[in-house]
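K.L.:
got a structure for you, letters missing:
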C-alpha cells in the first residue's frame, strides 16, 4: 500500500484546477500524460486517504437463554 500524503493530494488538485500536467511536491516532479491520468491519481489518493480515516464498526452479539 502506498503512503500518499495530503500535501501530494493538494498539489495534484491545484495542478488539475490550473490545467497543468506537471506536479511538484516534496522535492519531486511528476508529469502526467493527460488530465484524465491526473484525475485518476487524485481519485485513487482520495479513496485511500478516506479509507485510512474510516474506523470499522464492531459490536458484541448478545443472547439470553431466558433463565436469568
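P.N.:
In hand now; what should we look at? Since the model is a prediction, treat every value here as computed from it, not as a measurement. Residues are numbered from 1 along each chain as shown.
K.L.:
now do the helices in the protein.
P.N.:
Using DSSP state H, the helices of the chain run over 6-18, 35-53.
K.L.:
quick one: contacts of the first one?
P.N.:
Counting contacts by Cβ atoms under 8 Å, 6 or more residues apart in numbering, the residues outside helix 6-18 that touch it are 21-26, 35, 38-39, 41-42, 45-46, 49. Placement of C-beta: from N, CA and C, glycine included.
K.L.:
between it and helix 35-53, how many degrees?
P.N.:
150 degrees (axes from the mean of the first three to the mean of the last three Cα atoms, to 10 degrees).
K.L.:
ok, residues contacting the lowest-mean-pLDDT helix or strand in the chain?
P.N.:
Each helix and strand of the chain was given a mean pLDDT (mean pLDDT, DSSP states H and E); the minimum falls on helix 35-53 at a mean of 89. For helix 35-53, the external contacting residues (Cβ under 8 Å, 6+ apart) are 1-2, 4, 6, 8-9, 12-13, 15-16, 19, 21, 23, 32.
K.L.:
cheers, nothing more for now.
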